[in-house]
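Trainee: Just need the structure, nothing else, for what follows:
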Amino acid sequence: MIDEDFRVWLIEVNTNPYFGVLNDKLPKFIDNLVDDTFRLTVDKLFQREIDDSERKSEYELLYSHRKGLNLRRSFTEGIYPNQAIKERLDKEREQATIKIK
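Mentor: Got it, this is the predicted structure:
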């Protein structure tokens, strides 16, 4: 996916997605995941026959120009939500560069 700042985001990679049941909470999670995804995509084009709008979506709206909402990080903050991850990756890149030289 490419956002409006032209940042590329890898959403998910699956060679063979598994929707089997690993525990007792997973079936409800998968049902809600698929339902929420359809609400955000297909339901915008086709009317639902059953109104189940009382169930709150688990998706979080990060940006809406129309609603004046912007919870996104600044483009200058980078893509790493955790400074420790950024520092570790910077160090690994630096070590790889030294090995190449």
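
Trainee: can you give me the helices in this structure?
Mentor: Taking DSSP state H as the criterion, the chain contains helices spanning 26-40, 83-100.

Trainee: Now tabulate those helices in TSV and tack on distance to residue 9.
Mentor: (Each C-beta comes from the backbone N, C-alpha and C, glycine too.) Below are those laid out as TSV (distance: least, Cβ to Cβ, whole Å):
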stretch	distance to residue 9
helix 26-40	16
helix 83-100	15
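
Trainee: Could you single out the most deeply buried of the ones you listed?
Mentor: Burial of the helices of the chain is given as mean neighbour count (mean count of other Cβ atoms under 10 Å); helix 26-40 ranks first at a mean of 13.

Trainee: who does that helix touch, helix- and strand-wise?
Mentor: Using 3 or more Cβ pairs under 8 Å, 6 or more residues apart in numbering; DSSP states H and E, no helix or strand is in contact with helix 26-40.

Trainee: export the helices of the chain to a markdown table and tack on mean pLDDT and distance to residue 60?
Mentor: Shown next, in a markdown table, are the helices of the chain (pLDDT from 0 to 100; distance: least, Cβ to Cβ, whole Å):
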| stretch | mean pLDDT | distance to residue 60 |
| --- | --- | --- |
| helix 26-40 | 83 | 11 |
| helix 83-100 | 80 | 20 |
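
Trainee: between the ones you listed, which one is nearest to residue 62?
Mentor: Closest of the helices of the chain to residue 62 is helix 26-40, at 12.6 Å (criterion: Cβ to Cβ).
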